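> coordinates for the following, if possible.
(2 chains)
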Amino acid sequence: MKRVSCVLLPMLPLQILLRNKPHWTGAPVAVVDDEGPNGRITHLNALAKKSRLRIGMRQTVARDLLPNLHTAVVSTEETSDVGRELVTSLQTFSPRVEAIDHAGAFHVDPEGLRRLYGGYCNWATSIHRYLRARHWHNAVTVGFHRHRAIAIAMTHSGVTIPESADEERRQSDQTPLREFDLPGELCESLGALGIETLGEFLILPASELHSRFGAKASALHDSFADDMQLPIQPHAFDEPARISFQVDPPDEDQNRLLFAIKGALHSLLHQVRARGEAIQSLQLSLHLERAPLHQEHIESASPTLDLMLLLELIRLRLAGLGEMRLQGAVEEVELLANTVRARAEQVALPGHQPRRDMSAAHRALDRIRAAYGEHSVTKARMREAHLPEACFRWEPIQHAGVGEQNDAAPISSMIRRVYARPKPLPPRKPKEPEAGPTLAKDHAIEHMYGPYRVSGGWWKRLVERDYYYAETDHGDLLWLFYDRPRKRWFLHGVLD
Amino acid sequence: MGAYVPLWVKSNHSFLEGASFPEELVERAHALGLPAVAITDRDGVYGVVRAHMRAKELGIRIVIGAQLTVEIEGDAHHLIALAKTRRGYADLCRALSVGHARCEKGVSLIHPGDLEQVRDVFFLCATSATLRTLHASHGPSSLFALCARHLIDREKPKERVLRSVARELDVKTVGANEVLYHDKLRRPLQDILSCIRRGKVLAEAGHTIRANAEHDLKSTGEIEHLFADDLVGLRRTIDIAEQCAFSLDDLRYRYPEEHLPSGRTEQGWLRELTLQGARTRYQGKVPADVYTQLERELQIIRKLDYGGYFLTMHEIVQYCREQEILCQGRGSAANSAVCFCLGITAIDPVRMDLLFERFLSVERAEPPDIDLDIEHDRREEVIQHVYEKYGRRHAAMVANIIRYRIRSAVRDVGKVLGLSRTDLETATRLLRHRDDVLNPELLREAGLEKDAPATHHLWSLASQITDFPRHLSIHPGGFLLGHRPVDEIVPIEPATMEARTVIQWDKYDVDNLALFKVDLLGLGALTCIHHAFDLLREHKGQRLEIATVPAEDKATYDMVSRGDTVGVFQIESRAQMAMLPRLRPRTFYDLVIEVAIVRPGPIQGDMVHPYLRRRKGEEEILYPHPKLERILNKTLGVPIFQEQVMKLAVEAAGYTPGEADQLRRDMAAWRKSGRIEKHRTRMIPRMLAEGIPEEFAERVFSQIRGFGEYGFPESHAASFALLAYVTAWLRCHHHEAFTCAILNAQPMGFYTPATLVEDAKRHGVEVLPIDINKSSWDCTLEVIAGADAAPNPCAVARAEGEARRAAPPSPSEAQGAEGGLRVGVGGRCNQTDADTGHGVRMGLRYVKGLGVVERERLESVKPPYPNLATFVRQTRLNKKALHALAEAGAFECFGLNRRDAIWQVRSLSRFAQDSLPLEPASSQISFASLASDDQVIWDYRSSHHSTRGHPMRGLRHALRSRGIPEATLIRGRAHGDELDYVGMVICRQRPGTASGVTFFTLEDETGFVNVVVWKQVFDRHAALAKTAALLGVTGEIQKADGVIHLIAKSLWAPDVGLAEQTHRSRDFH
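Below you'll find the model as predicted:
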């Protein structure tokens, strides 16, 4: 009879939390689903349980009982990331690994590896030790039934290898139902009938379950039916698409290199297309003769399979090196593609073509980025604030968009050009009264308009400025402020 | 003479906008030498009374107005309205009421049409749109263009446009800034308030907060500098203020006139009703002293012209009578013989020798305060009757202004400062059991970095914001009624609660302006009494009223003296139960003292022990001064009641009646630190000068301070004592009816339904389980088949009592009934009244998960049901409700155990909506029946009680084998014995006066054990002490005066299996 194994890392979110915060070990710790007072506890360590805290308790109640309780949220993304890493790790023990719908549980196919390890026990122990060495608490069961193996792992630590299917059944029947991540209400309803363990649950007639207890109960029951067992759905190896080639003899001519890259890129695209994916970005690694490795990251505005577009971006990037040209001849070229699932482009309906060709804009921006660097394309994002310099922020953008036109905003005939950093004006001489600002030589202020007072930021650093518009004898219009805490004048901009 | 008047000033009663109290603004204006200051809160007149009271003290004038929000062409504009005259103020209030009525709570939007009829008001318009709109309806004479200068660049162009429109319309300009705080130092707090209001974090506040700190109340020099180019506009504020002559003192309040029978005057009709009531009260023989008192009171009422108020109270009481709603006046009204004869109160003040002047006096001339307690589940009927009778414009409820306490302050301010929610939550948790002062150390304990600027800001700003108004809520029962519409006195707003409207002032404002208020309060004890009377009438043919309950019943006092008072109004708490065997009440007046003595006032004043010693004859009754004997003789020389403290102040400290009244007000003003303290310097030296010992003087003063928190006047204690006596009598003689009634009146009182059921069972009452074919929604009385007579509770109680040492007669007992109260005309308890075989059938209301909808469905069909399927089809209850009933064992009448019933209802519920009586084909599995102990646990889980047994019963064998006794055996143990005890926690209480001691009441199947847990022990076992449903205690027996306490040395979790969900304690901190 074929064997199947289950590797379970119990309370994975709590384990993740304690790995992130090792100094919390030895203290009562709980994972909560929200940072706020109403966040509910999802996982608890033994110390917290000992202090009478319970899963499902609100954080506010728990803290009332145990003021020194440590709590944090572990996001599902974080758990998924760890899950992916664990799959990769387990793939070193078997090519067939499946992450299942229970946090921290994996099916690993032990078949074919027994001889290599000298038996299931050695194989399972290797996995257990491997994970334990990385500070993951885990249980490994090598059984006969996928779900029964999980059920055993839920209640047995270390390695468990039932002798027979009957033995596996006996052991798994003892597993409490609450271990199966069932909704609390369902557990309570079944508990009311005196059904606390898997064995008691499986005695119930399957046909009556759905109507009485819903789909989850029915699905759980079905999953333990012998004839409903699915084979392991192994996780695909997550290898990035890559290609490399030797340049022999080493060469530094960009045209020849581009020509060679074109051929490799063609193969790479073929490989990516075959996986149903498209290239989001490229990592170009140039191994140089007697010089360190040179790497470039090239990103397109949208995932693409367009050979010429990618080649053009590489060309621009290499050309953009300018004086910082390669420090040696290229010995080897390596292209690593970061890919995403390809999406079929919809054909635009006739008559609904936008007047602006946004794809052309994207191409243009791609080329600028390729030529001048990743952060060379930015836009100003307006923000609500009183301080002028806080009213906008420059943000790099990937995609061009049609700008929003604000028809309501009045258009001033004057343009205020604001300095990125206010320029301090010459200080007054000691003992000279702070009557007004002093400009550079042969410039004098004829009129001042203001003040307009801006103050705030007391919670961080108090800012208190009196702004003025100043007209100089040369007819220039300046925008000045007097910094009250610093007792000094600054030029913040000019008007034209 | 100041050169301007600030006309646009918002206090912190502009909720979450203004950052200074009205008093602070007034004080600042006075300090700056300004002749007047306007108070123009946002969309209301919330802060004007406080400002007015302070202004009167300082001699500065207040201009009363409001900042209105007006909708013009779909945009909201602000507009300042200032009342010139009483008429203008009334119009303004009405417009605000209309604005609020069309919006949700807390928001007002006035339409220009609402302002068309508003006269005698100046409008200051800050936008050209409002200027043009109001110019069309009011012309230029009432309008001003409001030019505000806060040094913001956007203001100048707007002002240019406004001035040009003003010129075009021939409207004058006026210079005024928006004032939000009295001092620039409050700017950070104003920013915080703005962020709280908009739900923003400070770092991302943007334009939510003001651009600068120019919203302070400026000196003349500063404002003249700002308006240097338009001093005329600035001076115009003085002209405006002078023309706004209206003051809150001009509010001439008239109480609504009742519909009088033809030919009767208000006073004449009141007199007629009073004398008629007197004849009924005294069975036609009104004693001379009562008659004299009535004449005196009627004379004062006539002089003060308060007749209408008494007629109204009488009308409300009559309405309650007609609707068979129990009600009873309490508070100082019980000092009035007129109230007694009108049926408003139930206490005879002449027989009780109560002080009428505490209620009403010509010298004080302030409105009487009558609190009317009404059955709590029928109070809404009375409230809606008042609305209906007087109309929505003539009656509105008084507001309750919700203010920041330190915990809410830390939470809200911390959130705005962007602090970690977890840390804030910890900080607020730590604050729970501490004083209302935020100390920086506590923030550090909560995990906040001590020296971080954010922590410093939190400490400083949370302290500043404490006591700031946060939002308007509704007073529990205060009504403002008016002859003229109430909305001419103060704007009326819709409340959150449906069909309620609320005024913009709280009870302190109403008191300060001497307006009449009627308090209609809900009281669970009255509901319980009413239910019990109904049950006695229905099942035993015995008709009773509060007044006809047999008075001075020995069996009742015996029961009370044993501290056997679970469920008895006011004397059921652990502290009261511990006091009762010491005080051993034998007369009604003893009960009055019992009610009043277990209060923080007498406890903090160390008055309890001297009183008990003197009562037992262990201490000589001495009076600190001969002239105090008259005041203190009723209470053996120890002051216990509020009136006594007032009289002491007059007699011993030379207070004038006016000063004594101020003392009473200061005592009543909750937690207003300083208001009581100022009497110390006045009172103690004067008492010493009168030859009163310093120690006594200090003790009296500390009691006064205690009264500031919770003190009872004698009349109030007497009103409560009456209800205590009635509930005690019911419990003593008709325990089954009493239990049934109190279970139907829940939630109320001190104990859970489970404890009430257990107590009834211990007293021989049969309590029957929930049964779908026998239970109604409420609990009912049911004749017990085969039982001619259940054990007489009185007899049970007597039997227990005889086993104890007989109580020595108390001084008041020795005085006999003459010293007591005339409660009613009934005779003494007739033992033959005892029960004749009724049990309590628990009602479906106790099944957890059933609500209003389920009640309607259950009551729409008449039981019995032949089988479960028929029940499901006829009631059409959903799966959850059916499950709940099955879990509670309600279907056992169909021969189904609970698990089988659960399995069946889960299937049947799918067919509940089918009209045809088709039963689904499904396999019936038979589940094991529950064990006896499990049944009890299930009962608790599904209905919070069990009629089948006590959860501890199942553990008794195990406990006994370990030598752990039950509660009844503990009574026999000697003082100083050390023992272990295990019981279910039914109550935890940590009174503020107990220096951190927590009192636990533990229960087992035989009774209660009171456990005293000192702070160190509690802290050592904090988690267990706070959460355990079943608690083990190792401690020492302490016995005194028949009262037994177990002083805990350690707490532990018993290692016996008991589901934790069986029980929930009631915790009081």
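> give me the most central residue, the chain.
Just going to use chain A. Nearest to the geometric centre of chain A sits A:Glu77, at 7.4 Å (CA atoms, centre = their mean).
> my question was about chain B, not that one.
Closest-to-mean residue, chain B, CA atoms, centre = their mean: B:Pro476 / 6.3 Å.
> which residues touch that one?
B:400, B:519, B:521-522 (CB atoms under 8 Å, 6 or more residues apart in numbering or on different chains). Backbone N, C-alpha and C define where each C-beta goes, glycine included.
> so, low pLDDT: which residues of chain A?
Along chain A, the model assigns pLDDT under 70 to residues A:227-228, A:236-239, A:322-324, A:342-356, A:400-413, A:428-435, A:441.
> quick check: residues of it near chain B?
For chain A, the residues in contact with chain B (CB under 8 Å from any CB of the partner chain) are A:35-37, A:51-52, A:59-60, A:63-67, A:71, A:189, A:192-194, A:204-205, A:208, A:211-213, A:383-386, A:451-456, A:458-460, A:464, A:466-467.
> mind checking which of those are in strands?
A:71, A:451-456, A:464, A:466-467 (DSSP state E).
> mind checking which helix or strand the closest residue in space to B:Ala203 that isn't next to it in sequence is in?
Nearest in space to B:Ala203, with sequence neighbours left out and distances taken as CB to CB, 6 or more residues apart in numbering or on different chains, is B:Gly418 at 5.7 Å. Following DSSP states H and E, there is no helix or strand that holds B:Gly418.
> report how many residues lie close to A:His102.
16 (other CB atoms under 10 Å in any protein chain shown).
> where's it relative to B:Met497, distance?
47 Å (CB to CB, to the nearest Å).
> before we move on, what about B:Thr968?
Taken as CB to CB, the span from B:Thr968 to B:Met497 is 47 Å.
> can you check B:Asp305 too?
B:Asp305 is 34 Å from B:Met497, by CB to CB.
> thinking again about what came up before, show the buried residues in the ones in strands among the residues of chain A next to chain B.
A:71, A:452-456, A:464, A:466-467 (16 or more other CB atoms under 10 Å in any protein chain shown).
> residue furthest from the geometric center of chain B?
Centroid-distance maximum for chain B: B:Glu168 at 56.9 Å, with CA atoms, centre = their mean.
> what helix or strand is that one on?
helix B:155-169.
> tell me which of the residues of chain A next to chain B fall in helices.
A:59-60, A:63-65, A:189, A:192, A:208, A:211-213 (DSSP state H).
> right, and out of those, which lies closest to chain B?
Nearest to chain B, judged by CB to the nearest CB, of these is A:Arg212 at 3.9 Å.
> the residue nearest to the closest one when sequence neighbours are not counted in helix, strand or coil?
Leaving aside its sequence neighbours, A:Arg212 sits nearest to B:Arg906 (CB to CB, 6+ apart; 3.9 Å). What DSSP: H, G, I helix; E, B strand; the rest coil gives for B:Arg906 is helix.
> now do B:Arg906: how many residues are near it, please.
B:Arg906 has 22 nearby residues by other CB under 10 Å.
> and if you look at A:Leu209?
A:Leu209, neighbours per other CB under 10 Å, totals 21.
> now A:Arg369
For A:Arg369, using other CB under 10 Å, the count is 24.
> gap between it and B:Leu124?
Where B:Leu124 is concerned, A:Arg369 sits at a distance of 57 Å (CB to CB).
> which helix is the longest one in chain B?
helix B:714-733.
> sorry, back to before: among the ones in helices among the residues of chain A next to chain B, name the buried ones.
If we count by 16+ other CB under 10 Å, those have these buried: A:59-60, A:63-65, A:189, A:192, A:208, A:212-213.
> can you tell me which of the residues you listed lies nearest to B:Leu96?
A:Thr60 (38.6 Å; CB to CB).
> sounds good, over and out.
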